[in-house]
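>>> Below are the sequence and a predicted model; questions follow.
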Amino acid sequence: MSHEGHSHDHGTTNQTALKWSFILITVFMVVEVIGGLWTNSLALLSDAGHMLSDSAALGLSFAAIWYGSRSATSSKTYGYRRFEVLAAFINGLALVVIAVYITYEGIQRLMDPPSVVSTGMLIVATIGLIVNIVVARILHSGDNHENLNVRSAFLHVLGDLLGSVGAITAAILIMLFGWSLADPIASMVVAVLVFISGLRVLRDSVHVLMEGTPEGIDTKQIKEQLLTVEHVKDLHDLHVWSITSDFPALSCHLVVEEGTSQQKALKNANELLHREYGIHHTTIQIDMENRDICEDTICN
């Protein structure tokens, strides 16, 4: 049996990105709340509410990556890395709830459109757009976007960015045409986008929690490839799953010809998995053909 581990932990980079994103979003959230109350804009207030969730989500994501970097223990043999997936699940759920609330508020405003200070709304929304672009860029740089937890935070911020675009559009329409309905309509359009993003994060995090096959990995293809390894005659009990979003793992039994070097078979199989699929954590048991009793070899 082979147990190979390889760390793809970009924890330090992810923590730095989340820290600065959290600071920027939290500071501007306060500005947007004040601006929303001053201008009486639902688009700004709904975006501020979304930014409040972003602030909490980013803080949770930062804590998740910090907590997930803790060393493995006898009771948590994989460590705490899956906590990141739990945080992503919570973030996705928060997006869905926020989207529903914004839609409800938007419907109320459609029936009774309030007056809005469009100039102030435009200024605040424009600043918000700039802040969100900067934060989105930070979260999407390098390998950060490959982490499900960071990606869920990125989608929160993307929803805010779209919210700022909607608020700017609504402010311009109100300024030019006095169309007060633009404010609640803009907020509801953003709510739909936020809702879709939330469902995607929920789907991806649940897939990891259910130990589904990682995206982009075809188990049928892996089986076919492993059967091409020299002296491998059969393969069974193949499982591929994720410890967390950027940590795929695999286990299987390889049946090899009697008299074959087990170490060589393990080495060839692992090299194939590393090279073709980026799978660096494997548990492979070697079964000798025509034998009832398997001989296990452990490699670290």
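Good, I have the coordinates.
>>> Where do the strands of this structure begin and end?
Along the chain, counting by DSSP state E, strands occupy 2-4, 232-244, 247-256, 281-288.
>>> Check these for me and report the most buried one.
Highest mean neighbour count among the strands of the chain (mean count of other C-beta atoms under 10 Å): strand 247-256, with a mean of 21. The way it works is simple: take the backbone N, C-alpha and C, and place the C-beta from them, glycine included.
>>> distance between that one and the chain's centre?
Between the centre of strand 247-256 and the centre of its chain there are 26 Å (C-alpha atoms, centre = their mean, to the nearest Å).
>>> which helices and strands does it pack with?
In terms of contacts (3 or more C-beta pairs under 8 Å, 6 or more residues apart in numbering; DSSP states H and E), strand 247-256 is packed against helix 219-226, strand 232-244, helix 262-277, strand 281-288.
>>> for those, which one sits closest to residue 107?
Judged by C-beta to C-beta, the one of those that comes nearest to residue 107 is strand 232-244, at 38.6 Å.
>>> could the helices and strands packed on strand 247-256 go into TSV alongside distance to residue 74 and mean pLDDT?
TSV is the format used below for these (distance: least, C-beta to C-beta, whole Å; pLDDT from 0 to 100):
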stretch	distance to residue 74	mean pLDDT
helix 219-226	31	92
strand 232-244	17	89
helix 262-277	26	90
strand 281-288	18	89
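>>> pLDDT value on residue 121, please?
Note on residue 121: pLDDT of 82.
>>> My read is that it contacts residue 42, right?
No - using C-beta atoms under 8 Å, residue 121 is not in contact with residue 42; the gap is 10.1 Å.
>>> before we move on, back to that, select, out of the helices and strands packed on strand 247-256, the one closest to residue 15.
Comparing those by C-beta to C-beta, strand 232-244 comes nearest, at 14.7 Å.
>>> Can you list the strands that the closest one pairs with?
Using DSSP bridges, strand 232-244 pairs in its sheet with strand 247-256 (antiparallel).
>>> Can you lay out the helices and strands packed on strand 247-256 as TSV showing distance to residue 22?
Formatted as TSV, these follow (distance: least, C-beta to C-beta, whole Å):
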stretch	distance to residue 22
helix 219-226	38
strand 232-244	20
helix 262-277	34
strand 281-288	30
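>>> out of these, nearest to residue 140?
Here strand 232-244 is closest among the helices and strands packed on strand 247-256 (C-beta to C-beta), at 18.9 Å.
>>> ok, back up a step: select, out of the helices and strands packed on strand 247-256, the one closest to residue 63.
strand 232-244 (14.8 Å).
>>> At which residues are the helices of this protein located?
Assigned by DSSP state H, the chain shows helices spanning 11-39, 42-68, 83-111, 118-139, 148-177, 182-209, 219-226, 262-277.
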